[in-house]
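Colleague: Structure, please.
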Amino acid sequence: MSMAGKPAESGTPAVRPYSRAGLWVEWVLALVILAAFIRVGIKFYLNGYFPQPFFYEPSDTWMDWFNTAYWAHNTGAYDSWMTIYPPLSFILLKFMGLPHCYTAGTGLEMRDCDWLGVACLHVLYVIDIVLVARAFSKIDRRTALPRSFSLTVGMPMLYGLERGNLILFCFAFLVLGFGPLLRSARLRWFFIGMAVNLKVYVIAAVAALLLRRKWLAFEGCIIATVGVYLVTYGMMGAGTPIEIYRNITEFSSSFQSASVLDIWNPSTYMPLKSLLGGMGFPITVVIGSRPAELGLVAINVVEFSAKLILLAGAAATWLRPEKVPSYRAAMFALSFAMITSESGTYSQILVLFLLFMERWEGFARPAALVICYIVCVPAEIILQAIPTLIRYSYFTGGPVYVDFGIGLGMFVRPLLNMLGPVLIALHTIRIVWLDVREQGWSSRWRYRRDFALLPGVRRPSRPPASPTADNQG
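Modeller: Have a look, this model is predicted:
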(Lines give C-alpha, C1' and ligand atoms only; values in the text may rest on other atoms or scores of the structure.)
Protein backbone atom coordinates (compact mmCIF):
# COMPACT_ATOMS: atom_id res chain seq x y z
CA MET A 1 0.00 0.00 0.00
CA SER A 2 1.20 3.52 -0.68
CA MET A 3 2.51 5.64 2.16
CA ALA A 4 -0.41 7.94 1.65
CA GLY A 5 -2.65 5.34 3.20
CA LYS A 6 -6.37 5.34 2.66
CA PRO A 7 -8.32 8.54 2.97
CA ALA A 8 -10.36 7.04 5.79
CA GLU A 9 -10.97 3.93 7.79
CA SER A 10 -12.32 1.25 5.49
CA GLY A 11 -15.67 -0.38 5.95
CA THR A 12 -17.66 2.86 5.78
CA PRO A 13 -20.16 3.69 3.05
CA ALA A 14 -18.95 5.91 0.24
CA VAL A 15 -21.75 8.47 0.67
CA ARG A 16 -23.87 9.30 3.69
CA PRO A 17 -26.51 12.01 4.11
CA TYR A 18 -24.27 14.17 6.29
CA SER A 19 -21.47 13.74 3.76
CA ARG A 20 -23.62 15.60 1.24
CA ALA A 21 -24.39 18.26 3.83
CA GLY A 22 -20.69 18.45 4.55
CA LEU A 23 -19.95 18.99 0.88
CA TRP A 24 -22.26 22.01 0.89
CA VAL A 25 -20.53 23.35 4.00
CA GLU A 26 -17.12 22.95 2.35
CA TRP A 27 -18.26 24.80 -0.76
CA VAL A 28 -19.67 27.66 1.33
CA LEU A 29 -16.41 27.94 3.27
CA ALA A 30 -14.43 27.86 0.02
CA LEU A 31 -16.58 30.73 -1.29
CA VAL A 32 -15.80 32.69 1.88
CA ILE A 33 -12.11 32.20 1.17
CA LEU A 34 -12.69 33.31 -2.44
CA ALA A 35 -14.42 36.48 -1.23
CA ALA A 36 -11.54 37.21 1.16
CA PHE A 37 -9.04 36.56 -1.64
CA ILE A 38 -10.85 39.05 -3.91
CA ARG A 39 -10.85 41.57 -1.06
CA VAL A 40 -7.06 41.16 -0.73
CA GLY A 41 -6.70 41.90 -4.45
CA ILE A 42 -8.88 45.01 -4.23
CA LYS A 43 -7.05 46.30 -1.18
CA PHE A 44 -3.72 45.71 -2.88
CA TYR A 45 -4.84 47.53 -6.03
CA LEU A 46 -6.17 50.54 -4.11
CA ASN A 47 -3.49 50.86 -1.42
CA GLY A 48 -0.35 49.40 -2.98
CA TYR A 49 0.32 46.84 -0.24
CA PHE A 50 -1.17 43.58 1.05
CA PRO A 51 -3.55 44.06 3.98
CA GLN A 52 -3.19 42.51 7.41
CA PRO A 53 -2.36 39.73 8.29
CA PHE A 54 0.22 39.76 5.48
CA PHE A 55 3.70 40.93 6.46
CA TYR A 56 3.73 44.37 8.06
CA GLU A 57 6.68 45.63 6.02
CA PRO A 58 5.49 46.12 2.38
CA SER A 59 9.06 46.73 1.18
CA ASP A 60 10.13 43.21 2.21
CA THR A 61 8.12 41.22 -0.36
CA TRP A 62 9.83 37.94 -1.48
CA MET A 63 12.90 38.65 0.64
CA ASP A 64 13.00 35.18 2.25
CA TRP A 65 13.84 33.94 -1.24
CA PHE A 66 16.37 36.62 -2.16
CA ASN A 67 18.14 36.76 1.19
CA THR A 68 18.75 33.04 0.89
CA ALA A 69 19.72 33.38 -2.77
CA TYR A 70 22.34 35.99 -1.84
CA TRP A 71 24.11 33.50 0.42
CA ALA A 72 23.69 30.80 -2.21
CA HIS A 73 25.99 32.86 -4.43
CA ASN A 74 28.32 34.05 -1.66
CA THR A 75 30.19 32.39 1.21
CA GLY A 76 29.37 32.77 4.89
CA ALA A 77 25.85 31.37 5.10
CA TYR A 78 26.57 29.36 8.26
CA ASP A 79 29.08 31.54 10.08
CA SER A 80 28.00 35.06 9.04
CA TRP A 81 24.26 34.73 8.33
CA MET A 82 23.88 31.92 10.89
CA THR A 83 21.33 30.14 8.73
CA ILE A 84 19.41 27.08 9.91
CA TYR A 85 18.80 25.86 6.35
CA PRO A 86 20.58 22.66 5.20
CA PRO A 87 22.74 22.98 2.05
CA LEU A 88 19.96 21.84 -0.33
CA SER A 89 18.22 25.22 0.00
CA PHE A 90 21.26 27.08 -1.31
CA ILE A 91 21.94 24.57 -4.09
CA LEU A 92 18.40 24.93 -5.43
CA LEU A 93 18.46 28.73 -5.37
CA LYS A 94 21.91 28.87 -6.93
CA PHE A 95 20.49 27.27 -10.06
CA MET A 96 17.33 29.41 -9.97
CA GLY A 97 18.88 32.83 -10.15
CA LEU A 98 21.20 35.02 -12.18
CA PRO A 99 24.68 34.93 -10.56
CA HIS A 100 25.70 38.43 -11.63
CA CYS A 101 22.82 39.91 -9.60
CA TYR A 102 24.45 38.81 -6.35
CA THR A 103 28.04 39.92 -6.86
CA ALA A 104 27.61 43.25 -5.08
CA GLY A 105 23.90 44.01 -4.93
CA THR A 106 21.73 43.54 -1.85
CA GLY A 107 18.06 44.07 -1.03
CA LEU A 108 16.10 45.81 -3.76
CA GLU A 109 18.94 45.55 -6.25
CA MET A 110 18.82 41.73 -6.14
CA ARG A 111 15.06 41.58 -6.70
CA ASP A 112 15.08 44.11 -9.50
CA CYS A 113 17.93 42.34 -11.24
CA ASP A 114 17.09 38.65 -10.77
CA TRP A 115 13.99 38.22 -12.92
CA LEU A 116 14.75 34.50 -13.18
CA GLY A 117 14.41 34.09 -9.41
CA VAL A 118 11.03 35.87 -9.43
CA ALA A 119 9.84 33.67 -12.29
CA CYS A 120 11.01 30.45 -10.59
CA LEU A 121 9.26 31.42 -7.37
CA HIS A 122 5.91 31.78 -9.11
CA VAL A 123 6.39 28.71 -11.29
CA LEU A 124 6.99 26.78 -8.08
CA TYR A 125 3.72 28.13 -6.68
CA VAL A 126 1.85 26.96 -9.80
CA ILE A 127 3.47 23.52 -9.47
CA ASP A 128 2.22 23.35 -5.88
CA ILE A 129 -1.30 24.13 -7.07
CA VAL A 130 -1.19 21.38 -9.68
CA LEU A 131 0.18 18.80 -7.25
CA VAL A 132 -2.45 19.60 -4.62
CA ALA A 133 -5.29 19.49 -7.15
CA ARG A 134 -4.16 16.12 -8.51
CA ALA A 135 -3.63 14.66 -5.03
CA PHE A 136 -7.07 15.70 -3.76
CA SER A 137 -8.69 14.49 -6.99
CA LYS A 138 -7.26 11.03 -6.37
CA ILE A 139 -8.56 11.04 -2.80
CA ASP A 140 -12.10 12.33 -3.42
CA ARG A 141 -13.22 14.15 -6.55
CA ARG A 142 -16.27 15.59 -4.80
CA THR A 143 -14.20 17.64 -2.35
CA ALA A 144 -11.09 18.13 -4.49
CA LEU A 145 -11.97 21.57 -5.84
CA PRO A 146 -12.99 23.37 -2.62
CA ARG A 147 -10.10 21.85 -0.66
CA SER A 148 -7.38 22.42 -3.25
CA PHE A 149 -8.59 25.96 -3.92
CA SER A 150 -8.81 26.85 -0.24
CA LEU A 151 -5.36 25.47 0.52
CA THR A 152 -3.55 27.04 -2.42
CA VAL A 153 -5.10 30.53 -2.23
CA GLY A 154 -5.55 30.45 1.54
CA MET A 155 -3.59 32.56 3.98
CA PRO A 156 -0.72 30.17 4.83
CA MET A 157 0.12 29.45 1.19
CA LEU A 158 -0.28 33.07 0.05
CA TYR A 159 1.82 34.18 2.99
CA GLY A 160 4.54 31.76 1.94
CA LEU A 161 4.38 33.16 -1.61
CA GLU A 162 4.47 36.77 -0.42
CA ARG A 163 7.49 36.01 1.73
CA GLY A 164 9.09 33.90 -1.02
CA ASN A 165 9.73 31.22 1.59
CA LEU A 166 11.32 27.88 0.74
CA ILE A 167 8.33 26.16 2.33
CA LEU A 168 6.94 26.13 -1.22
CA PHE A 169 9.70 23.68 -2.20
CA CYS A 170 9.23 21.61 0.93
CA PHE A 171 5.48 21.47 0.43
CA ALA A 172 5.80 20.08 -3.10
CA PHE A 173 8.13 17.34 -1.87
CA LEU A 174 5.83 16.49 1.04
CA VAL A 175 2.83 16.16 -1.29
CA LEU A 176 4.83 13.77 -3.47
CA GLY A 177 6.14 11.84 -0.46
CA PHE A 178 2.97 11.46 1.60
CA GLY A 179 0.29 12.02 -1.01
CA PRO A 180 -1.30 9.47 -3.34
CA LEU A 181 0.43 10.57 -6.56
CA LEU A 182 3.42 8.21 -6.66
CA ARG A 183 3.37 4.42 -6.72
CA SER A 184 7.12 3.94 -6.35
CA ALA A 185 8.14 3.67 -2.70
CA ARG A 186 11.72 4.67 -3.53
CA LEU A 187 10.57 7.87 -5.19
CA ARG A 188 8.44 8.71 -2.17
CA TRP A 189 11.41 8.13 0.13
CA PHE A 190 13.56 10.36 -2.07
CA PHE A 191 11.10 13.27 -1.98
CA ILE A 192 10.65 12.93 1.77
CA GLY A 193 14.43 13.09 2.09
CA MET A 194 14.39 16.26 -0.01
CA ALA A 195 11.70 17.77 2.25
CA VAL A 196 13.75 17.06 5.39
CA ASN A 197 16.76 18.73 3.78
CA LEU A 198 14.68 21.88 3.30
CA LYS A 199 12.87 22.05 6.65
CA VAL A 200 14.55 20.00 9.36
CA TYR A 201 11.38 19.57 11.42
CA VAL A 202 9.92 17.32 8.69
CA ILE A 203 12.12 14.59 10.22
CA ALA A 204 9.27 14.22 12.73
CA ALA A 205 7.04 12.88 9.93
CA VAL A 206 9.74 10.33 9.09
CA ALA A 207 9.86 9.18 12.71
CA ALA A 208 6.06 8.77 12.59
CA LEU A 209 6.52 5.88 10.16
CA LEU A 210 7.64 3.81 13.13
CA LEU A 211 4.23 4.30 14.73
CA ARG A 212 2.77 2.19 11.93
CA ARG A 213 5.61 -0.39 11.95
CA LYS A 214 6.85 0.87 8.55
CA TRP A 215 10.42 -0.20 9.24
CA LEU A 216 11.55 -0.43 5.61
CA ALA A 217 10.00 2.94 4.72
CA PHE A 218 11.67 4.54 7.74
CA GLU A 219 15.05 3.17 6.75
CA GLY A 220 14.52 4.23 3.14
CA CYS A 221 13.63 7.80 4.16
CA ILE A 222 16.62 8.05 6.47
CA ILE A 223 18.97 6.79 3.76
CA ALA A 224 17.45 9.24 1.26
CA THR A 225 17.76 12.11 3.75
CA VAL A 226 21.41 11.34 4.47
CA GLY A 227 22.16 10.78 0.79
CA VAL A 228 20.65 14.11 -0.29
CA TYR A 229 22.49 15.87 2.52
CA LEU A 230 25.87 14.37 1.62
CA VAL A 231 25.50 15.23 -2.08
CA THR A 232 24.43 18.83 -1.42
CA TYR A 233 27.04 19.29 1.31
CA GLY A 234 29.68 18.14 -1.15
CA MET A 235 28.40 20.62 -3.74
CA MET A 236 28.29 23.55 -1.32
CA GLY A 237 31.25 22.72 0.88
CA ALA A 238 29.56 24.12 4.00
CA GLY A 239 26.77 23.24 6.39
CA THR A 240 28.07 20.50 8.67
CA PRO A 241 25.59 18.92 11.12
CA ILE A 242 27.41 20.70 13.96
CA GLU A 243 26.98 24.08 12.24
CA ILE A 244 23.29 23.50 11.57
CA TYR A 245 22.64 22.31 15.12
CA ARG A 246 24.55 25.27 16.56
CA ASN A 247 22.57 27.77 14.50
CA ILE A 248 19.22 26.14 15.33
CA THR A 249 20.09 26.27 19.02
CA GLU A 250 21.15 29.91 18.75
CA PHE A 251 18.01 30.82 16.83
CA SER A 252 15.61 29.11 19.24
CA SER A 253 17.29 30.39 22.40
CA SER A 254 17.72 34.00 21.30
CA PHE A 255 14.11 34.63 20.22
CA GLN A 256 12.48 37.47 22.17
CA SER A 257 9.35 39.47 21.38
CA ALA A 258 10.18 43.16 21.51
CA SER A 259 6.83 44.55 20.31
CA VAL A 260 3.41 43.62 19.02
CA LEU A 261 4.96 43.16 15.57
CA ASP A 262 6.59 39.95 16.81
CA ILE A 263 3.16 38.37 17.28
CA TRP A 264 1.91 39.70 13.95
CA ASN A 265 1.04 36.41 12.25
CA PRO A 266 2.27 33.58 14.51
CA SER A 267 1.71 29.85 14.17
CA THR A 268 2.29 29.17 17.90
CA TYR A 269 2.00 31.01 21.19
CA MET A 270 5.78 31.23 21.60
CA PRO A 271 6.01 34.92 20.54
CA LEU A 272 3.09 35.84 22.79
CA LYS A 273 4.64 33.95 25.71
CA SER A 274 7.87 35.84 25.19
CA LEU A 275 5.97 39.14 25.08
CA LEU A 276 3.92 38.37 28.21
CA GLY A 277 7.06 37.28 30.01
CA GLY A 278 8.58 40.70 29.43
CA MET A 279 11.74 39.20 27.91
CA GLY A 280 12.13 41.88 25.26
CA PHE A 281 9.42 44.43 26.03
CA PRO A 282 8.01 45.53 29.44
CA ILE A 283 4.44 44.49 28.63
CA THR A 284 3.44 44.61 32.32
CA VAL A 285 3.72 48.40 32.19
CA VAL A 286 0.95 48.40 29.58
CA ILE A 287 -1.46 45.67 30.77
CA GLY A 288 -0.30 45.03 34.35
CA SER A 289 1.43 42.03 35.89
CA ARG A 290 -1.70 40.06 36.81
CA PRO A 291 -3.12 39.71 33.26
CA ALA A 292 0.35 38.81 31.96
CA GLU A 293 0.77 36.08 34.58
CA LEU A 294 -2.72 34.65 33.98
CA GLY A 295 -2.11 34.72 30.23
CA LEU A 296 1.11 32.76 30.58
CA VAL A 297 -0.59 30.15 32.77
CA ALA A 298 -3.50 29.75 30.33
CA ILE A 299 -1.18 29.42 27.32
CA ASN A 300 0.99 26.83 29.08
CA VAL A 301 -2.06 24.77 30.03
CA VAL A 302 -3.41 24.86 26.47
CA GLU A 303 -0.05 23.91 24.94
CA PHE A 304 0.57 21.12 27.42
CA SER A 305 -2.91 19.70 26.89
CA ALA A 306 -2.52 19.77 23.11
CA LYS A 307 0.86 18.03 23.27
CA LEU A 308 -0.49 15.40 25.65
CA ILE A 309 -3.45 14.60 23.39
CA LEU A 310 -1.23 14.41 20.31
CA LEU A 311 1.09 12.01 22.12
CA ALA A 312 -1.93 9.93 23.13
CA GLY A 313 -3.04 9.87 19.48
CA ALA A 314 0.45 8.73 18.48
CA ALA A 315 0.35 6.01 21.14
CA ALA A 316 -3.04 4.85 19.87
CA THR A 317 -1.57 4.70 16.36
CA TRP A 318 1.22 2.46 17.62
CA LEU A 319 -1.25 0.13 19.32
CA ARG A 320 -3.46 -0.30 16.25
CA PRO A 321 -1.49 0.89 13.18
CA GLU A 322 -3.94 -0.82 10.82
CA LYS A 323 -6.68 1.56 12.00
CA VAL A 324 -4.74 4.78 11.28
CA PRO A 325 -3.68 6.04 7.82
CA SER A 326 -0.03 6.96 7.29
CA TYR A 327 -0.80 10.59 6.52
CA ARG A 328 -2.54 10.96 9.89
CA ALA A 329 0.45 9.61 11.81
CA ALA A 330 2.68 12.07 9.92
CA MET A 331 0.25 14.87 10.80
CA PHE A 332 0.49 14.06 14.52
CA ALA A 333 4.28 14.24 14.38
CA LEU A 334 4.44 17.45 12.35
CA SER A 335 1.85 19.15 14.54
CA PHE A 336 3.75 18.24 17.69
CA ALA A 337 6.99 19.57 16.18
CA MET A 338 5.35 22.84 15.10
CA ILE A 339 3.77 23.43 18.50
CA THR A 340 7.22 23.09 20.05
CA SER A 341 8.89 25.69 17.81
CA GLU A 342 7.74 28.81 15.97
CA SER A 343 8.19 27.98 12.29
CA GLY A 344 5.99 30.65 10.72
CA THR A 345 2.37 30.66 9.57
CA TYR A 346 3.33 29.45 6.10
CA SER A 347 4.60 26.16 7.58
CA GLN A 348 1.01 25.23 8.43
CA ILE A 349 0.40 24.26 4.80
CA LEU A 350 2.15 20.97 5.57
CA VAL A 351 -0.30 20.09 8.34
CA LEU A 352 -3.29 21.51 6.45
CA PHE A 353 -2.58 19.28 3.46
CA LEU A 354 -2.56 16.19 5.68
CA LEU A 355 -5.70 17.32 7.51
CA PHE A 356 -7.53 17.96 4.24
CA MET A 357 -7.01 14.28 3.38
CA GLU A 358 -9.58 13.37 6.05
CA ARG A 359 -13.19 12.53 5.17
CA TRP A 360 -16.27 14.42 6.33
CA GLU A 361 -17.61 11.73 8.66
CA GLY A 362 -18.50 11.69 12.33
CA PHE A 363 -18.00 14.80 14.43
CA ALA A 364 -14.28 15.31 15.08
CA ARG A 365 -13.15 15.12 11.46
CA PRO A 366 -15.74 17.60 10.10
CA ALA A 367 -14.92 19.98 12.96
CA ALA A 368 -11.21 19.73 12.12
CA LEU A 369 -11.95 20.38 8.44
CA VAL A 370 -13.98 23.48 9.28
CA ILE A 371 -11.01 24.73 11.32
CA CYS A 372 -8.77 24.14 8.30
CA TYR A 373 -10.99 26.35 6.16
CA ILE A 374 -11.06 29.07 8.83
CA VAL A 375 -7.26 29.04 9.08
CA CYS A 376 -7.09 29.46 5.29
CA VAL A 377 -9.20 32.65 5.22
CA PRO A 378 -6.83 35.48 4.13
CA ALA A 379 -8.33 38.14 6.37
CA GLU A 380 -8.00 39.63 9.83
CA ILE A 381 -10.47 41.05 12.37
CA ILE A 382 -8.95 44.24 13.77
CA LEU A 383 -9.58 44.70 17.49
CA GLN A 384 -7.67 47.94 17.94
CA ALA A 385 -6.33 50.16 15.16
CA ILE A 386 -2.93 51.77 15.44
CA PRO A 387 -1.95 55.16 13.94
CA THR A 388 -1.38 55.23 10.20
CA LEU A 389 2.23 54.62 9.19
CA ILE A 390 4.20 55.62 6.12
CA ARG A 391 6.12 52.74 4.57
CA TYR A 392 7.92 52.05 1.31
CA SER A 393 6.10 49.57 -0.94
CA TYR A 394 8.09 47.39 -3.29
CA PHE A 395 5.26 47.13 -5.81
CA THR A 396 4.48 50.85 -6.03
CA GLY A 397 8.13 51.86 -5.83
CA GLY A 398 7.30 54.63 -3.39
CA PRO A 399 5.79 55.48 0.01
CA VAL A 400 2.30 54.28 0.97
CA TYR A 401 0.01 54.96 3.92
CA VAL A 402 -0.33 51.75 5.94
CA ASP A 403 -3.29 51.04 8.23
CA PHE A 404 -2.73 48.13 10.60
CA GLY A 405 -3.90 47.16 14.06
CA ILE A 406 -4.02 44.51 16.78
CA GLY A 407 -5.85 41.59 15.21
CA LEU A 408 -7.90 38.75 16.63
CA GLY A 409 -5.86 36.24 14.65
CA MET A 410 -2.76 37.09 16.68
CA PHE A 411 -4.39 35.32 19.63
CA VAL A 412 -6.74 32.82 17.96
CA ARG A 413 -4.68 31.47 15.06
CA PRO A 414 -2.23 29.45 17.23
CA LEU A 415 -5.18 27.91 19.08
CA LEU A 416 -6.82 26.84 15.81
CA ASN A 417 -3.52 25.37 14.61
CA MET A 418 -3.54 23.13 17.68
CA LEU A 419 -7.26 22.38 17.80
CA GLY A 420 -7.53 20.77 14.35
CA PRO A 421 -4.87 18.08 14.98
CA VAL A 422 -6.15 17.58 18.54
CA LEU A 423 -9.63 16.74 17.25
CA ILE A 424 -8.19 14.15 14.87
CA ALA A 425 -6.10 12.72 17.72
CA LEU A 426 -9.22 12.36 19.87
CA HIS A 427 -11.00 10.64 16.98
CA THR A 428 -8.07 8.25 16.59
CA ILE A 429 -8.03 7.44 20.30
CA ARG A 430 -11.72 6.62 20.11
CA ILE A 431 -11.54 4.28 17.11
CA VAL A 432 -8.53 2.48 18.57
CA TRP A 433 -10.28 2.07 21.91
CA LEU A 434 -13.36 0.63 20.18
CA ASP A 435 -11.18 -1.73 18.16
CA VAL A 436 -9.30 -2.97 21.22
CA ARG A 437 -12.54 -3.48 23.11
CA GLU A 438 -14.19 -5.39 20.27
CA GLN A 439 -11.25 -7.31 18.77
CA GLY A 440 -8.94 -7.77 21.73
CA TRP A 441 -5.31 -8.68 21.14
CA SER A 442 -5.04 -12.34 20.27
CA SER A 443 -6.49 -12.19 16.74
CA ARG A 444 -3.99 -9.67 15.34
CA TRP A 445 -2.34 -12.23 13.04
CA ARG A 446 -1.41 -9.58 10.49
CA TYR A 447 1.12 -8.09 12.95
CA ARG A 448 2.39 -11.37 14.37
CA ARG A 449 5.99 -10.47 13.49
CA ASP A 450 5.93 -7.18 15.39
CA PHE A 451 7.51 -6.67 18.76
CA ALA A 452 5.23 -7.52 21.68
CA LEU A 453 2.77 -4.72 22.25
CA LEU A 454 2.79 -4.80 26.03
CA PRO A 455 4.54 -6.94 28.68
CA GLY A 456 2.58 -10.12 29.34
CA VAL A 457 0.41 -9.88 26.22
CA ARG A 458 0.47 -13.18 24.37
CA ARG A 459 1.42 -13.33 20.72
CA PRO A 460 -1.47 -13.31 18.25
CA SER A 461 -2.67 -16.65 16.96
CA ARG A 462 -3.96 -17.33 13.46
CA PRO A 463 -7.60 -16.24 13.29
CA PRO A 464 -10.24 -18.30 11.48
CA ALA A 465 -10.80 -17.41 7.84
CA SER A 466 -13.48 -14.75 7.52
CA PRO A 467 -14.76 -12.71 4.60
CA THR A 468 -14.84 -9.69 6.90
CA ALA A 469 -11.21 -9.91 7.98
CA ASP A 470 -9.45 -6.69 8.71
CA ASN A 471 -8.35 -4.90 5.54
CA GLN A 472 -6.96 -1.75 7.07
CA GLY A 473 -3.59 -1.75 5.32
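
Colleague: count of residues packed around residue 430?
Modeller: Counted by other CB atoms under 10 Å, the residues lying close to residue 430 total 14. Heads up, the C-betas are built off the backbone N, CA and C, glycines and all.

Colleague: Okay, and residue 51 sits in which element?
Modeller: Using DSSP states H and E, residue 51 falls within no helix or strand.

Colleague: so how many other residues sit close to the closest residue to it other than its chain neighbours?
Modeller: Ranked by CB to CB, 6 or more residues apart in numbering and with sequence neighbours excluded, the top spatial neighbour of residue 51 is residue 43, at 4.4 Å. Using other CB under 10 Å, residue 43 has 17 neighbouring residues.

Colleague: wait, isn't residue 43 in contact with residue 50?
Modeller: Yes - between residue 43 and residue 50 there is a contact under CB atoms under 8 Å: 7.4 Å.

Colleague: Tell me which helix or strand residue 362 sits in.
Modeller: Going by DSSP H and E, residue 362 is not in any helix or strand.

Colleague: what does residue 400 give?
Modeller: Using DSSP H and E, residue 400 maps to strand 398-402.

Colleague: contacting residues around the next helix or strand along the chain from that strand?
Modeller: Helices and strands here follow DSSP H and E; after strand 398-402, the next one along the chain is strand 405-407. Contacts to strand 405-407, defined as CB atoms under 8 Å, 6 or more residues apart in numbering, come from residues 52-53, 260, 380-386.

Colleague: now do 10 Å
Modeller: 52-53, 260, 263-265, 379-387, 413 (CB atoms under 10 Å, 6 or more residues apart in numbering).

Colleague: May I see the buried residues of that strand?
Modeller: By 16 or more other CB atoms under 10 Å, the buried positions in strand 405-407 come out as 406-407.

Colleague: what's the next secondary structure element after that strand?
Modeller: Next element after strand 405-407 (DSSP H and E): helix 409-439.

Colleague: Show me where this protein has its strands.
Modeller: 382-385, 389-393, 398-402, 405-407 (DSSP state E).

Colleague: Can you tell me which of those is most buried?
Modeller: Looking across the strands of the chain with neighbours counted as mean count of other CB atoms under 10 Å, the highest average goes to strand 405-407: a mean of 17.

Colleague: Partner strands of it and their direction?
Modeller: strand 382-385 (antiparallel) (DSSP bridges).

Colleague: Quick one: mean pLDDT for the strand it pairs with?
Modeller: Here strand 382-385 scores 87 as its mean pLDDT.

Colleague: Can you list the neighbours in contact with it?
Modeller: 51-53, 260, 403-411.

Colleague: re the thing from before, how about the contacts made by the residue nearest to residue 51?
Modeller: So residue 43 contacts 49-52, 54, 379, 403 (CB under 10 Å, 6+ apart).

Colleague: which one of the residues you listed has the most neighbours?
Modeller: residue 49 (26 neighbours).

Colleague: what's near enough to touch that one?
Modeller: 43, 55-59, 61, 391-396, 400-404.

Colleague: ok, residue 23 to residue 143 distance?
Modeller: Distance of residue 23 to residue 143, given as CB to CB, to the nearest Å: 6 Å.

Colleague: what do you get for residue 19?
Modeller: From residue 19 to residue 143 the distance is 9 Å (CB to CB).

Colleague: Which one of those two is surrounded by more residues?
Modeller: A side-by-side neighbour count of residue 19 and residue 143, using other CB under 10 Å, places residue 143 first with 23 against 18.

Colleague: Assess the claim that the more buried one and residue 20 are in contact.
Modeller: No - under the criterion of CB atoms under 10 Å, residue 143 is not in contact with residue 20, lying 11.3 Å apart.

Colleague: So for the closest residue to residue 401 other than its chain neighbours, what's the pLDDT?
Modeller: Using CB to CB, 6+ apart and skipping residues adjacent in sequence, the residue nearest residue 401 is residue 388, 5.4 Å away. Note for residue 388: predicted pLDDT of 88.

Colleague: ok so, going back, can you check which residues contact both of residue 23 and residue 143?
Modeller: Joint contacts of residue 23 and residue 143 (CB under 10 Å, 6+ apart) are residue 360.

Colleague: what's the most distant pair in the contacts of residue 43?
Modeller: Spatial extent of the contacts of residue 43 (CB to CB) is set by the pair 49 and 379 at 15.2 Å.

Colleague: if we can go back for a sec, hey, what's in contact with both of residue 143 and residue 20?
Modeller: Shared contacts of residue 143 and residue 20, counting by CB under 10 Å, 6+ apart, come down to residue 360.

Colleague: residues contacting residue 101?
Modeller: Contacts of residue 101 by CB under 10 Å, 6+ apart are 66, 69-70, 73, 109-117.
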